[in-house]
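Give me the fold of what follows.
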Amino acid sequence: MDSYIKGGILLISFINLTTKNLNKKLNILFIASWYPTRDKPFNGDFIQRHAKAVALYCNVTVVHIAPALQKEKFIIEEKQNENIREIRVFHRKINFGVSVTKRLRNYIIKRKAFKMALQMVQKSGNIDLVHLNVLFPSGIFALYMKKKYNIPYIITEHWSKFLPDSENDFTNSELFLIKRIVNNAETVCPVSDNLKNAMLSMGLEATYQIIPNVVNTNLFFLSKDKEKSDKLRFVHVSSMEDGVKNITGILDAVKKAHKLSPDFTLTFVGGDDIEIYRQYADNIGIPDGVLQFTGIVNYEKVAEIIQQKDVFLMFSNYENLPCVISEALVCGLPVIASAVGGTPEMIDETNGCLVKKQDVDELAERIVKIIKFYSFFDRESIVKKAKLKYSYEVVGKQYYNLYRKILSGNKK
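Now for the predicted structure:
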């Protein structure tokens, strides 16, 4: 009888311990190759949003190491940003020396900067798992954590440089290091299936799981008090870099479409040098009042502008998985976009349409067609479908489940 009692006590103790471990919040260290700073507030802001999504379920600390033009060898910034802890270490940029020497010096100073950040992280408790964001160059730190402390890591990859249409100019030594970082990861999470296939084509073999970018649905949502207009309002949001976003192609299509159906406007949001596009629009004869250029605005203003528009327009030469498309969708906007990168994974006949890249005539035709058939789109249905894919809760939970699976020893 005593043996049965002892066995029961041991079983209850095991169940209680297991439950306690399952309920314990994981400590996740985000290592980010890109991340917003004071000088570059939009650099890797999608990584910051991923961190906030994960922090709904885990304790998250983000470490970002970056060069800066400064007298001090190191400057450390630490802050609590809503539900995530951010540690940024800026190191003095090294611009002297021959190429090999300069790379070595930069590596040494980056390593020192990371160790300073790591000491701050370790004072707060153990790290359960490292979440590397953009594998190069900060993957060396994730690799270091695994080799020295036996802490596993996953990779979330956003970089369009892996895509075949981009200028892929990795050196042989960089490719060697990239392969080593990928091979040692527990799982690689590209934000699109298209990016996964591009990475596989480069020989980056790994266990892959697609997890998309996230949208702050408290900021981007279907507006109930949109201003009325007798014209359909298109909007484009980007860096306005013509080689990637093909702004001149959009303007050419707008001219063609306006001759057939003048009842629309287009607002361009973003970009430093917008005067060249204003001049281009004048040169090709787009009438006054059709276009508006806002220049760079903050993230909150982007949300406000999108909510007041009707259709999102993008005509890129290449893309990965554009955050602005998912942001437009959760605001209920149907999307016209070129069928490049991961955009075909985001758009179907229920929420927009795709066009061939650089096909100005087809884009003009689609603009005219969507003006005619706009009422057929169910904006609330577009929002519902997008939130089920891109919300903080959905994406954060996917990462949480992946962390638990890896830490339990089941990587499949």
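
where does the chain have its least confident helix or strand?
helix 2-23 (a mean of 49; mean pLDDT, DSSP states H and E).

Quickly list the domain ranges of the protein.
25-214+391-407, 232-390 (automatic domain parsing).

what ranges do the strands span in the chain?
For the chain, the strands defined by DSSP state E occupy 27-32, 59-68, 74-81, 84-92, 129-133, 153-157, 187-190, 232-237, 264-269, 291-293, 311-314, 335-338, 352-355.

can you redo these as TSV with mean pLDDT and distance to N218?
C-beta here means a position set from N, CA and C on the backbone, and glycine is covered the same way. Formatted as TSV, those follow (pLDDT from 0 to 100; distance: least, Cβ to Cβ, whole Å):
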stretch	mean pLDDT	distance to N218
strand 27-32	98	21
strand 59-68	96	18
strand 74-81	96	15
strand 84-92	97	15
strand 129-133	98	22
strand 153-157	98	22
strand 187-190	98	24
strand 232-237	98	19
strand 264-269	98	20
strand 291-293	98	27
strand 311-314	98	20
strand 335-338	98	21
strand 352-355	98	24
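
Let's have these in JSON lines, adding distance to K369 and mean neighbour count.
As requested, the strands of the chain are exported to JSON lines (distance: least, Cβ to Cβ, whole Å; neighbours: other Cβ atoms under 10 Å):
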{"stretch": "strand 27-32", "distance to K369": "41", "mean neighbour count": "24"}
{"stretch": "strand 59-68", "distance to K369": "44", "mean neighbour count": "22"}
{"stretch": "strand 74-81", "distance to K369": "43", "mean neighbour count": "12"}
{"stretch": "strand 84-92", "distance to K369": "43", "mean neighbour count": "21"}
{"stretch": "strand 129-133", "distance to K369": "39", "mean neighbour count": "25"}
{"stretch": "strand 153-157", "distance to K369": "35", "mean neighbour count": "25"}
{"stretch": "strand 187-190", "distance to K369": "32", "mean neighbour count": "25"}
{"stretch": "strand 232-237", "distance to K369": "11", "mean neighbour count": "23"}
{"stretch": "strand 264-269", "distance to K369": "12", "mean neighbour count": "22"}
{"stretch": "strand 291-293", "distance to K369": "20", "mean neighbour count": "16"}
{"stretch": "strand 311-314", "distance to K369": "11", "mean neighbour count": "24"}
{"stretch": "strand 335-338", "distance to K369": "9", "mean neighbour count": "24"}
{"stretch": "strand 352-355", "distance to K369": "8", "mean neighbour count": "20"}
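
would TSV of these with distance to K224 be doable?
Below are these laid out as TSV (distance: least, Cβ to Cβ, whole Å):
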stretch	distance to K224
strand 27-32	35
strand 59-68	33
strand 74-81	29
strand 84-92	30
strand 129-133	35
strand 153-157	34
strand 187-190	35
strand 232-237	17
strand 264-269	21
strand 291-293	23
strand 311-314	19
strand 335-338	21
strand 352-355	22
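
Out of those strands, which is closest to G139?
strand 129-133 (5.7 Å; Cβ to Cβ).

And for that closest one, what's in contact with it?
When contacts are defined by Cβ atoms under 8 Å, 6 or more residues apart in numbering, strand 129-133 is touched by residues 26, 28-34, 44, 47, 50, 54, 138-139, 141-142, 145-146, 151-156, 158, 181, 185, 399, 403, 406-407.

ChimeraX command for the buried members of the residues you listed?
Burial among those is assessed by 16 or more other Cβ atoms under 10 Å; the matching ChimeraX selection reads:
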select :26,28,29,30,31,32,33,34,44,47,50,54,138,139,141,142,145,146,151,152,153,154,155,156,158,181,185,399,403,406
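
In helices only, show me the contacts of strand 129-133.
Residues of these located in helices (DSSP state H): 47, 50, 54, 139, 141-142, 145-146, 181, 399, 403, 406-407.

Could you single out the nearest of the residues you listed to D252?
Nearest to D252 among these, with distances taken as Cβ to Cβ, is I47, at 34.2 Å.

From E174, how far off is that closest one?
As judged by Cβ to Cβ, to the nearest Å, I47 and E174 stand 20 Å apart.

in the chain, which ranges drop under the pLDDT threshold?
Low-confidence segments of the chain, defined by pLDDT under 70: 1-23, 96-100, 167-168, 410-412.

For P212, see how far away the residue nearest the centre of it is.
Taking Cα atoms, centre = their mean, the centroid of the chain lies closest to F46, which sits 3.7 Å from it. The gap separating F46 from P212 is 10 Å, by Cβ to Cβ.

Equivalent analysis for K256, please.
Distance from K256 to P212, by Cβ to Cβ: 33 Å.

and what of P287?
Taken as Cβ to Cβ, the span from P287 to P212 is 39 Å.

And these two? Which one has more around it.
Neighbours per residue, other Cβ atoms under 10 Å: of P287 and P212, the larger number sits with P212, 22 against 10.

That one touches V191, doesn't it?
Yes. Counting by Cβ atoms under 8 Å, P212 does reach V191; the two are 5.3 Å apart.

give me every residue that touches the nearest residue to I305 once chain neighbours are set aside.
Distances taken as Cβ to Cβ, 6 or more residues apart in numbering place V269 nearest to I305, at 5.7 Å, with adjacent residues excluded. Residues in contact with V269, defined by Cβ under 8 Å, 6+ apart, are 235-238, 294, 297, 302, 305.
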